[in-house]
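[1] Fold the following and give me the result.
(2 chains)
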Number of protein chains: 2
Amino acid sequence: MSGYNVASQGRAVAAASRLLATASHEVRNAVLLYVADALSVAESEILSANQLDVEAFDDDGPGRDRLLLTAARIASMAEALRTVAALPDPLGEEVEHSVRPNGLEVSKRRVPLGVVGVIYENRPNVTCDVAGLCIKSGNAAFLRGSSSALRTNQVLVSLWHRALRSVGLPPDSVALVTDTSHEVAEAFMRLDESIDCLIPRGGPSLIAAMKRTATVPYVIDGDGNCHVYVDASADLEMALAIVENAKVSRPGVCNAAETLLVHAAVADEFLPALAALLGTVELRVDERAGRILTSARRAETADFENEFLDLVLAVAVVESLDEAIEHVARYGSGHSEAIVTSDALAADAWVRRVDAAAVVVNASTRFVDGGELGLGGEVGISTQKLHARGPMGVRELTCLKWVVRGKGHIR
Amino acid sequence: MSGYNVASQGRAVAAASRLLATASHEVRNAVLLYVADALSVAESEILSANQLDVEAFDDDGPGRDRLLLTAARIASMAEALRTVAALPDPLGEEVEHSVRPNGLEVSKRRVPLGVVGVIYENRPNVTCDVAGLCIKSGNAAFLRGSSSALRTNQVLVSLWHRALRSVGLPPDSVALVTDTSHEVAEAFMRLDESIDCLIPRGGPSLIAAMKRTATVPYVIDGDGNCHVYVDASADLEMALAIVENAKVSRPGVCNAAETLLVHAAVADEFLPALAALLGTVELRVDERAGRILTSARRAETADFENEFLDLVLAVAVVESLDEAIEHVARYGSGHSEAIVTSDALAADAWVRRVDAAAVVVNASTRFVDGGELGLGGEVGISTQKLHARGPMGVRELTCLKWVVRGKGHIR
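    I've put the predicted structure just below:
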């Protein structure tokens, strides 16, 4: 058993969050801008720590690149903080104001959640991005990054501590869990008394552990088994460009397309053109698509159920919009679902009837991203329905508190 | 092991919810109004079933009264449905519309959650109230009531089935779990594939079981350890009326006051007057209050930590507004917290700094209730921060789906 006391750290973070919650917008932004500047001042310190992390990393896969920082990556972390600082204040707004028949004044005020806990993997930029979105929205950031990025994260968090001290806010407003053991991670998931919202950013095993272990309320940043449906009325040139972009531009991310659905009326024309365009992509076809793409590998059920996160695309031919919507309802993960169509009624039916965080018409699923949608960043992409769906920015890190004002009212 | 297949029932409810989600406001309201009428037509059938439930109930405590239906209670269930039907449609609204610099149109649309699961105790009116709020908001209601109310609930749910069939909606849009065993309840809490939101309405043991067992996202309807703080500047007549109302009008409910905090500057005058007014209430006083109310029982820490849900009130004297806020931060359960003050700055500090679902100025905590705040009813009162805080009405049973429209946009 580790001697690390994450519960005691949690209480300090919660105490810090109460002071932070009433800090002015100017003060919160000053913290972000301080860190944006400090990132460039401390560049060599950050790169040295990162070099130690990278050297100790014992895997030559894509994890090493995700862990690696460069001067350009540090500059873009600073730029992201400046973008978030420039956003309007998400706090304080009073909404849904009404006066009840008895004269009671009722409204809701937008306030921080309190303490946001994030469990994430080895991208050190997440440390700065999440801290920035949290401080902007008046929340303390309680960060549990991966052991492989620990040295880098410690340097980054030290910059936040300096920035917080510079404006008289408690440094525990941004806190890093430095014991990255499994036991401490499980204890972290159960810190009901200290953490108000937990966001797991990781693969299916992390999500499963959260569901099994967490007692803190959480928002699932889950899989993106995203579809593009090419309707009978689609502009096929547009459809080719969208499918290519959704699949190829960055196949390893959650908003990449995993399955193509094509209406039977255009499949004979569209599929051969697509196969020619996507030479590097392996297509796995259902029986109807296989009659057109005769040399393609036949898809199994699992190909429609899971993310490939690779240059592989499942393909099915459907007889109708209804069948496409039914396919998405059955296999989709509720992330991003696109239709390509020139029929306004089909577009409207897709928007109304497809149940996903984002429904997309005549655009690539790759736009479902906090930056692209105007949030200035994201703390995760929710695939559940409670609290927030899709990219979570600063507004999604707030909640509404009821404010009831009377003149001695009793019931 | 029970042969009851709650997973299969869940799939049927989820399928029903997909049809329900696109039903018009008129059709959804027609279901509520049909049931409102049917409740009076079926009154004797309901009362007979309820009589069997009550006769089989083996406890003479308050549970028996909660279980009992009367003609008046049935009429008020019908009236509640008519009130909800008269509310504006919570669905369809498009919010946060913007056009990105690249021309992409981005908005959010208010949509149902899907399937709302509610676990509750023996009040049969909850069956109708929850079904009404769910259908109004386009959600299927998946209900797990208590075994003691099973016969009554079955009759009530049959009315919903008739109403749903009358407008061509699937009867599974309102579904009752008729096996009330512990195993089936645990399976219910794990129906991730079918249930989108779980709301437990019950005591601490149900909440603990949810935290331990549930994998479906849930909203906690937790304890109400509510405070009234009487500030140095309070109108003491107003304060007496508010404390009396908050404590005595219905001591067993979650928005009743459990602790009184009094500023030292007015304690000498206020506390004896309060003790005289609240003759039937047992006061449990801290050391400072005990110097004024010398014959009152001394409070223990547990008296400040827990709900009494009875004619008992913990009392503490504080030296300042800060001390009152600190006391609430330490002992409050995040439900409803009231200040009585004539000082606008003190009121503002209370509203800004107290972290609770509802902050109340110069009014009784008893107003924190869906009906009183204008929601037309409530499916529960959330004491967590994610998704919804405080009374949850039809709007809190919705979520926002992103709608992204392009003209062939790719990244």
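[2] Report the next helix or strand after the worst-scoring helix or strand of chain A on mean pLDDT in sequence order.
    Between all helices and strands in chain A, the lowest mean by mean pLDDT, DSSP states H and E belongs to helix A:62-67, at a mean of 86. Next in sequence after helix A:62-67, counting helices and strands by DSSP states H and E, comes helix A:71-85.
[3] for that next one, packing partners?
    If you count contacts as 3 or more Cβ pairs under 8 Å, 6 or more residues apart in numbering or on different chains; DSSP states H and E, helix A:71-85 packs onto helix A:25-41, helix A:43-56, helix A:124-136. Every C-beta, even on glycine, is put in place using the N, C-alpha and C of the backbone.
[4] chain center to that helix: distance?
    Relative to its chain's centre, helix A:71-85 lies at 18 Å (Cα atoms, centre = their mean, to the nearest Å).
[5] and the longest strand for chain A?
    Longest among the strand segments of chain A by residue count, using DSSP state E, is strand A:398-409.
[6] Show me how chain A divides into domains.
    A:6-220+A:387-405, A:226-371 (automatic domain parsing).
[7] related to what we said a few turns ago, buried residues in the least confident helix or strand of chain A?
    By 16 or more other Cβ atoms under 10 Å in any protein chain shown, the buried positions in helix A:62-67 come out as A:63, A:66-67.
[8] now do stretch A:68-75
    Buried-residue list, stretch A:68-75, by 16+ other Cβ under 10 Å: A:68-69, A:74.
[9] Next, count neighbours for the closest residue to residue A:395 other than its chain neighbours.
    Nearest residue to residue A:395, sequence neighbours excluded (Cβ to Cβ, 6 or more residues apart in numbering or on different chains): residue A:90, at 4.9 Å. The tally of other residues near residue A:90 (other Cβ atoms under 10 Å in any protein chain shown) stands at 21.
[10] Isn't residue A:90 up against residue A:399?
    No. The pair residue A:90 / residue A:399 is not scored as a contact, 10.8 Å apart, by Cβ atoms under 8 Å.
[11] Mind listing the shared neighbours of the two?
    Taking Cβ atoms under 8 Å, 6 or more residues apart in numbering or on different chains as the contact rule, residue A:90 and residue A:399 both touch residue A:110.
[12] Say whether chain B is contacted by the longest strand of chain A.
    Yes. Remark: strand A:398-409 sits within contact range of chain B at A:399-409, by Cβ under 8 Å from any Cβ of the partner chain.
[13] Pick the one among these closest to chain B.
    For the residues of strand A:398-409 next to chain B, the residue nearest chain B by Cβ to the nearest Cβ is residue A:406; the value is 2.9 Å.
[14] and the residues of strand A:398-409 next to chain B, which are buried?
    Buried members of the residues of strand A:398-409 next to chain B, scored by 16+ other Cβ under 10 Å, are A:399-406, A:409.
[15] pLDDT at residue A:1, what is it?
    On pLDDT, residue A:1 comes in at 49.
[16] any weak-confidence spans in the stretch 1-150 of chain A?
    In the predicted model of the stretch 1-150 of chain A, residues A:1-2 satisfy pLDDT under 70.
[17] Show me which residues of it are close to chain B?
    A:18, A:21-22, A:98, A:100, A:104, A:106, A:109, A:111, A:113-114.
[18] The residue of the stretch 251-400 of chain A found nearest chain B: neighbour count?
    Residue of the stretch 251-400 of chain A nearest chain B, by Cβ to the nearest Cβ: residue A:363 (2.9 Å). Number of residues near residue A:363 (other Cβ under 10 Å) recorded here: 28.
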